[in-house]
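Undergrad: model this:
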Amino acid sequence: MRSLITAALLVQGVQGFYLPGVNPYSFGEGEAVKLKVNKMTSQKTLLPVDYYRLPFCQPEGGPKMDHENLGEFLAGDRIESSPYRINMKVDMYCEQLCISNLGRGEQKGVSPNKMVRAIRKNYHNNWIVDNIPAASKVEDDTTVTTRYWQGFPVGFIAKDTKRAYVHNHVNIEIQYHSVETEPENGRIVRFTVEPFSIKHDFEASADDDDDAEEGTVKGFKVADITNPIESCNPGMSAKQHTRYEMIYARGREPQPASGRVLFTYDVIWTENPELHWASRWDIYLSMDNAIPAKVHWLSILNSLVIVVVLSAMIGAILVRNLRRDFGRYNRLATDEEKAEDLEEFGWKLVHADVFRPPSFSPLLLAVCCGTGAQLFCMSILTVLFSAMGFLSPSNRGALIMAQLLLYVLMGSVAGYVTSRLYKTFKGKSWQKATAAAAFGFPGICFGMFIIMNIVALSQGSSDAVPVTTMIVLLVLWFGISTPLVFFGAYFGYKQEAMEFPVNTSSIPRQIPDQPWFMSVPFSLMVGGILPFGACFVELYFILASVWTDQYYYVFAFLLLVFGILIITCAEITVLFNYFQLTGENYHWWWRSFTTAGSTGIYVFLYSFVYFKQLEANAFATYVLYFGYMGLASLGLFLMTGCVGVMSCLLFNKTIFGSIKID
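TA: Numbering: from 1, shown residues only. Here you go, the predicted model:
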């Protein structure tokens, strides 16, 4: 407990530290700055789609895909080039990009065009400049709001007409910090996009094709705007950037998401001497303090209260009772007690059966514990590296790659734990147990992943992984993970079986009827709710990061909560284990696994509650959300179940090794 409190005091200094993973690039004045586009995301569908699936302006020669790592592919990122021409410290005023035909107008009984469908599904653009994502700036008559997550919307639905309007103009606001050693050069430190919808009445240039079909784009065409706002009027003596007042002036209308549309943009450069390059990600990671650190501290305190209460229960019940039991079991029995056969009572009665192998599938329990140990090692190392700052969001895909590679490398742990337990259970099918550890949980994950991939592919989502990425995953599985599982199992089987302080009889003891509060449903219900209560606040923020594209970078808090979760699972399982043995029930192997593992069941049930906050209602969304949440809950079930078994095994070896057995 003291170490947890000490670690908590260090959180404030650790949570803001990160290693960007890339060197700063200094742009010279007038140097081209690339604006890249990423997948479009929506909270209504949870299905990201490629940016150029909609009839947006394309760069000359077509968009070019960025070189992406495995983590970016698995996350659905599709980073591509864009036609936006931006130069360092060069402001642009209503620069024309292209003319695009968005398709038919909205009519009753007629299927809407792609752009309208995307706007009604609340899709957002995600742009990137110098590896930092675009913040979204929204303005009204009284306020200006900047949001640093989820990008900016493709368009909006009018409240009065319920029609879709497209954002065909953007103000690209870029802040830079001058390099101290090279004052003429600058480093980009902030990137904000303010979208507008402007109905440009225009006459296209002479070579424009009036017969353009839906979805075609007129690249880099220059048009004469017949109703220009001040920033788009070439006759103005002084150039002005597009402002909110110009867009919503009397007589101005937004641009419907149909027909031929002219896309324009402004570029606004501003020097920010206070913001340094090394700190430019801080406002994204903190989401502009949208979630104050106090919330996480309250979560920690809530978790600590649960741990303290559980520890007090164990201190009051287990320590006191065990001390009394040790005193009774280790003293010499009187003649009267021997005559009345009162020498043995309580959990000592099951000393000849307590380490008997589980009656139901020892192989399955060994494999589940091995897989749980593998997931535990992967989780603790991933959170530890993240808390140390090695997995920054600026290095896209790093977190997923770290999880995947650590899971693969921890295959030796799965093989070793499985083999040690299975040999202790006197199992004979060693090859079958090792193969089950190598192919069981990874096979379930890969099978589920293929199903999810087919669903994403049927919806045209960028979540669909290419065949080459599938091959890479198979190579990691069969080429690295599987050999490591067999390697760990080899060393596990080479060692002697675990030694127990008491011998096991050949005839199992009959178990008396158990009270209702020692039934499996009750232990599942109580065993999981306390660990879940210790971590559900951080779980909410993690789900928000996964499903609503918010940033989560308080891994120091998560490290503490993860430690509290493990301690809580161990304590509640040991407590139930003691009550079970006191009731002369020695079938504790599977009971300890399911009692601690029921935390995963609560997480899956909570996913139904969280799903109500999302706006999704499509069948594909249900399949993807509950498929992946079920897979994550299964992994947590195995991990916490392994913690429960190991805790009870250590507890039972300790208490039965502390008494004298005739």
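
Undergrad: Report the distance from stretch 402-410 to the chain centre.
TA: On the basis of Cα atoms, centre = their mean, to the nearest Å, stretch 402-410 sits 16 Å off its chain's mean C-alpha point.

Undergrad: Tell me which helix or strand comes right after the helix or strand harbouring Y265.
TA: For Y265, the host element (DSSP states H and E) is strand 260-271. Downstream of strand 260-271, the next assigned helix or strand under DSSP H and E is helix 282-285.

Undergrad: contacting residues for L484?
TA: Neighbouring residues of L484 by Cβ atoms under 8 Å, 6 or more residues apart in numbering: V408, L409, M410, G411, S412, G415. C-beta here means a position set from N, CA and C on the backbone, and glycine is covered the same way.

Undergrad: what about it, which helix or strand?
TA: Using DSSP H and E, L484 maps to helix 482-494.

Undergrad: Show me what the mean pLDDT comes to for that helix.
TA: Here helix 482-494 scores 93 as its mean pLDDT.

Undergrad: For the helix or strand that contains R117, name the packing helices and strands.
TA: Assigned by DSSP H and E, R117 belongs to helix 114-120. On a contact count with 3 or more Cβ pairs under 8 Å, 6 or more residues apart in numbering; DSSP states H and E, helix 114-120 meets strand 155-157, strand 164-166.

Undergrad: most neighbours per residue, which of those?
TA: Among these, the stretch with the highest mean neighbour count (mean count of other Cβ atoms under 10 Å) is strand 164-166, at a mean of 24.

Undergrad: How far away from the center of its chain is it?
TA: The mean C-alpha position of strand 164-166 is separated from the chain mean by 32 Å, Cα atoms, centre = their mean.

Undergrad: and what of stretch 362-380?
TA: Stretch 362-380 sits 21 Å away from the centroid of its parent chain (Cα atoms, centre = their mean).

Undergrad: Check stretch 105-121 too.
TA: 32 Å.

Undergrad: Could you tell me the end-to-end distance of it?
TA: Taking Cα to Cα, to the nearest Å, stretch 105-121 runs 17 Å from one end to the other.

Undergrad: circling back: from the contact counts, what lies against the next helix or strand after the helix holding L484?
TA: Later in the chain than helix 482-494, the nearest helix or strand by DSSP H and E is helix 520-547. Other helices and strands packing on helix 520-547, by 3+ Cβ pairs under 8 Å, 6+ apart, are helix 293-313, helix 555-582, helix 589-611, helix 619-656.

Undergrad: If we use 6 Å, what do you get?
TA: helix 293-313, helix 555-582, helix 589-611 (3 or more Cβ pairs under 6 Å, 6 or more residues apart in numbering; DSSP states H and E).

Undergrad: how about that helix: buried residues?
TA: Under the neighbour-count criterion of 16 or more other Cβ atoms under 10 Å, helix 520-547 has 523-524, 527-541, 543-547 buried.

Undergrad: hmm, back to that, out of the contacts of L484, which sit inside helices?
TA: When DSSP state H is applied, the contacts of L484 are split such that V408, L409, G411, S412, G415 fall in helices.

Undergrad: is it fair to say R190 lies in a strand?
TA: Yes: under DSSP: H, G, I helix; E, B strand; the rest coil, R190 falls within a strand.

Undergrad: Skipping its backbone neighbours, what lies nearest it in space?
TA: Nearest non-adjacent residue to R190, counting by Cβ to Cβ, 6 or more residues apart in numbering: Q175, 3.8 Å away.

Undergrad: From the contacts of L484, list the buried ones, please.
TA: Judged by 16+ other Cβ under 10 Å, buried ones among these: V408, L409, M410, G411, S412, G415.

Undergrad: Could you measure from the third one over to T371?
TA: Spelled out, it's M410. To T371, M410 is 10 Å away according to Cβ to Cβ, to the nearest Å.

Undergrad: now the fifth one
TA: With the distance defined as Cβ to Cβ, S412 ends up 13 Å from T371.

Undergrad: hey, what's in contact with both of the two?
TA: By Cβ atoms under 6 Å, 6 or more residues apart in numbering, S412 and T371 have no common neighbours.

Undergrad: mind checking the SS state of L46?
TA: coil.
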